[in-house]
Structure formats: C-alpha cells, structure tokens
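>>> Using only what follows, build the 3D model:
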Amino acid sequence: MPFNLPIALTWLRIVLIPVFVAVYYLPDAWLRPEMKNWTAMAIFAVAAITDWLDGFLARRMGTTSAFGAFLDPVADKLMVAAALILLVQLGRAEAYLAIIIIGREIAISALREWMAELGRRKNVAVAFVGKVKTAAQMTAIVALLLWEPIIPGVSTPLLGTIALWVAAILTLWSMFHYLRLAAPHLRGETTGETISTPHQ
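Here you go, the predicted structure:
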C-alpha cells in the first residue's frame with residue numbers, strides 16, 4: 001500500500017469523520033450547543049478542504065496511484081453520508097433528501113466500478129454537473145452544521161436547506177446523466193464487440 005502526503009490527507013479526512021460527529025455527543029457542560037455547531041462545522045470544513053488538496057498535491061507531486069484513486073472517493077462518500085445522517089438526527093435535514101444523495105453515491109460508485117471492469121471508466125468520468133452538485137452539497141452541509149447566523153439578514157438554516165435541495169436535484173440529474181452515458185454498455189451494445197457481464 002503506497003503512503004505519501006496526498007494519501008495521508010485522505011486518511012486524515014476519514015479520521016475526522018467520527019470526530020465531527022462525536023462533537024454533538026459531548027455534554028453541554030463541556031461544550032455549549034452553539035460551540036458544538038461551530039466546532040463540528042470547522043472540522044468538516046477542514047476535511048472538505050483536504051478533499052481538494054490531496055488531489056491537487058497528487059497531481060503536482062506526481063504521486064497519483066490506483067490505491068489513492070480508490071481511497072479518495074471512498075473517503076468523500078463516507079464523509080458526506082456521515083454528515084447527512086447526523087443532520088437528519090439533529091432535525092436539520094429531511095431524511096428523504098439524505099436518502100436520495102446517499103443512494104445516488106452508492107449507485108454511481110457501483111456503476112463506475114462495473115464500467116472500470118469493462119475498461120470503460122472514462123465513459124462515466126466526473127462531469128461538470130457532478131462538480132456543481134458537490135459544491136451545493138458541501139455548502140448545504142457546512143451551513144446546516146453551523147446553523148448559527150453569521151451574515152446579517154441571511155438565515156443559515158434556510159441557506160443550507162435550499163442548497164441541500166439544489167444538491168438533491170443535481171444528484172438525480174447527474175445520476176441520469178451517468179446512466180445515459182453508460183446505457184449502451186449496460187445493454188452490451190458496443191461497436192463491433194459484445195461485452196459480457198462481469199462476475200459479481
């Protein structure tokens with residue numbers, strides 16, 4: 001298993017997941033509720049920054065690897081899933097929105113893995129709509145974790161809720177986009193060759 005700075009940052013992102021979740025289980029005598037919001041939001045924001053930083057450093061340092069390419073999206077999905085489940089438990093996000101987003105991540109991850117076995121992973125590479133969805137998703141989670149007003153006249157809970165709805169809509173849009181691109185291969189329709197179903 002290779003180990004370098006980008007992979008270390010990815011592992012850090014995974015380690016930070018239970019940390020920002022655990023903040024809300026601390027007794028109020030240890031940490032006031034509003035400070036729990038600020039602390040959890042700050043930890044999540046640091047984890048989200050490592051998501052961009054590890055990829056940037058891997059390309060800059062020339063240390064990209066198959067293991068890093070596998071671990072990075074796993075860390076991302078664990079981080080988002082944990083945050084959404086936490087927000088549902090806190091009553092700050094609707095369960096059905098969390099299910100849509102988490103379900104899509106699982107489905108598209110499985111699709112990409114299947115396409116990779118066929119040698120067609122580039123057919124379902126991340127599209128622009130997927131990047132916009134990620135930006136809306138991160139904005140929503142940060143705002144809903146924070147919950148506290150920081151901009152006069154702007155409701156942080158409302159901002160987070162709107163961003164989460166945008167993320168959910170773009171989640172469905174991007175899922176159908178990837179499924180449409182993969183459809184010919186899912187049906188075994190390739191140019192001049194038949195693709196067999198990989199072993200499960």
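
>>> what's the neighbour count on F70?
By the criterion of other CB atoms under 10 Å, F70 has 12 neighbours. Bear in mind the C-beta positions are built from the backbone N, C-alpha and C, glycine included.

>>> how far out from the middle of the chain is the helix or strand of the chain with the lowest mean pLDDT?
One helix or strand of the chain scores below all others by mean pLDDT, DSSP states H and E: helix 95-117, with a mean of 86. Taking CA atoms, centre = their mean, to the nearest Å, the mean C-alpha location of helix 95-117 is offset from the chain mean by 10 Å.

>>> any weak-confidence spans in this structure?
1, 116-127, 185-200 (pLDDT under 70).

>>> mind checking the longest helix of it?
Ranked by number of residues, the top helix in the chain under DSSP state H is helix 156-186.

>>> For that one, enumerate the helices and strands it packs against.
On a contact count with 3 or more CB pairs under 8 Å, 6 or more residues apart in numbering; DSSP states H and E, helix 156-186 meets helix 95-117, helix 128-146.

>>> and that helix, how far from the chain's centre?
With CA atoms, centre = their mean, you get 12 Å for helix 156-186.

>>> cool, and stretch 28-45?
With CA atoms, centre = their mean, you get 21 Å for stretch 28-45.

>>> that older thread, what's the angle from the least confident helix or strand of the chain to helix 128-146?
Orientation of helix 95-117 against helix 128-146 (axes from the mean of the first three to the mean of the last three CA atoms, to 10 degrees) gives an angle of 140 degrees.

>>> got the buried residues for helix 95-117?
Residues of helix 95-117 classed as buried: 97-98, 100-102, 104-105, 108, 111-112, 114-115 (neighbour count, 16 or more other CB atoms under 10 Å).

>>> What is it packed up against?
So helix 95-117, by 3+ CB pairs under 8 Å, 6+ apart, packs with helix 66-89, helix 156-186.

>>> Out of these, the one nearest K36 is which?
helix 66-89 (11.3 Å; CB to CB).
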